[in-house]
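**Student:** Quick one, fold the following:
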Amino acid sequence: MWTRRELKERAKYFLRGIYWKAFWVSIVIALATGGSGGGSSGRGSNSNNSNYDINLESPESSMYIAFFIVLLAVLLLFLLLRIFIGYSLEVGGRRYFIQSAQYSDNRKCFSFAFRGENYLGIVLTMLLKAVFNSLWYLLLIVPGIIKSYSYRMVPYILADNPNIGYTRAITLSRQMTRGHKFRIFVLDLSFIGWYLLGLLALIIGMLFVLPYENATNAELYLVLRKNALDYNMCSYEELQLVQMTEEYA
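**Tutor:** Presented below is the predicted three-dimensional model:
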């Protein structure tokens, strides 16, 4: 059974020699995952009282309509960037931290995520993961949060095998996180103090916590992956694991 202290100690140890590179990779991950679009809605009303009629030809109305169209265009652009670029950048970044935690070759992780079939597998799986999670959020906030933890390992699984298939990736993530979701939630909470300190340091200090958190999450995935392999939830071949360190084998 893993502990927060153990994961964090491992993360700090392997970050010693690669912190600045891990910092820039973390910035890329933050930009890639922070591009989620928001929703907007409009309402109209009818009344026989002319005082409440909306004159669509007035300068004010034209300005509001133009602003609304620009806003929708910007949101759509961010959504498209998130889907067609952000997903692969996120998975490539996760692969970098996984490889680094195993002291394996961490070069070309981003190009790996944009390569041919890898790219298509990543985009499709991450998009369906987002759709499924959004549907759960439509029910209630709490089920959506729980499911977000169930799907937490999907980008890490794709970092090992982008072509595992969306159904298998989501199912395996659910199996890996079963019985661990609350402890992962507590692990997330344990970084709040660091982020508050970063907030006091002119907000920029928060960025320097990102490599630590990403490295810890990579260590978490390696532990959950080992459990999955030990309990035959998946195989080495399925995750395309050719070389593994003895610690995680």
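
**Student:** need the contact list for the residue nearest the centre of the chain.
**Tutor:** The centre of the chain sits closest to T33, judged by C-alpha atoms, centre = their mean, with a distance of 5.4 Å. T33 makes contact with G86, E90, according to C-beta atoms under 8 Å, 6 or more residues apart in numbering. For glycine as for every other residue, the C-beta is placed from the backbone atoms N, C-alpha and C.

**Student:** how about 6 Å then?
**Tutor:** By C-beta atoms under 6 Å, 6 or more residues apart in numbering, the contact list for T33 reads E90.

**Student:** mind starting the numbering at 268 from now?
**Tutor:** Okay, residue one is now 268; in that scheme the one you just asked about reads as T300.

**Student:** Quick check, pLDDT for it.
**Tutor:** pLDDT recorded at T300 is 91.

**Student:** Repeat that for S329.
**Tutor:** 76.

**Student:** residue contacts, it?
**Tutor:** Taking C-beta under 6 Å, 6+ apart as the definition, S329 has no contacts.

**Student:** For this structure, name the helix or strand with the lowest mean pLDDT.
**Tutor:** Least confident element among the helices and strands of the chain, by mean pLDDT, DSSP states H and E: helix 326-348 (a mean of 86).

**Student:** So which residues make contact with the very next helix or strand once past that one?
**Tutor:** Downstream of helix 326-348, the next assigned helix or strand under DSSP states H and E is helix 354-368. If you take C-beta under 6 Å, 6+ apart as the criterion, helix 354-368 is touched by 281, 285, 292, 295-296, 299-300, 373, 376-377, 380-381, 386, 389-390, 393, 422-423, 425-426, 481-482, 485-486, 489.

**Student:** Just the buried residues of those.
**Tutor:** Using 16 or more other C-beta atoms under 10 Å as the burial test, the contacts of helix 354-368 include 281, 285, 292, 295-296, 299, 373, 376-377, 380, 386, 389-390, 393, 422-423, 425-426, 481-482, 485-486, 489 as buried.

**Student:** which stretches of the chain have low pLDDT?
**Tutor:** 302-326, 510-516 (pLDDT under 70).

**Student:** rerun at 90
**Tutor:** Of all residues in the chain, those with pLDDT under 90 make up the ranges 268, 301-335, 337-338, 406-407, 410, 464-472, 509-516.

**Student:** where do the helices sit along it?
**Tutor:** Taking DSSP state H as the criterion, the chain carries its helices at 271-282, 286-300, 326-348, 354-368, 376-380, 383-406, 408-417, 421-427, 433-444, 448-456, 459-467, 477-497.

**Student:** which stretch among these comes nearest V509?
**Tutor:** Closest of the helices of the chain to V509 is helix 421-427, at 10.5 Å (criterion: C-beta to C-beta).

**Student:** Contacts for that closest one next, please.
**Tutor:** For helix 421-427, the external contacting residues (C-beta under 6 Å, 6+ apart) are 357-358, 361-362, 365, 389, 392, 396, 436, 439-440, 488, 506-507.

**Student:** PyMOL command for the buried members of the residues you listed?
**Tutor:** The buried subset of these, as determined by 16+ other C-beta under 10 Å, is captured in PyMOL by this line:
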select buried, resi 357+358+361+362+365+389+392+396+436+439+440+488+506
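
**Student:** Could you export the contacts of helix 421-427 as TSV, including distance to W403?
**Tutor:** Listed next are the contacts of helix 421-427 as TSV, based on distance: C-beta to C-beta, whole Å:
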residue	distance to W403
E357	20
V358	22
R361	22
R362	27
I365	26
I389	21
T392	17
K396	11
A436	17
L439	18
S440	14
Y488	22
L506	26
Q507	29
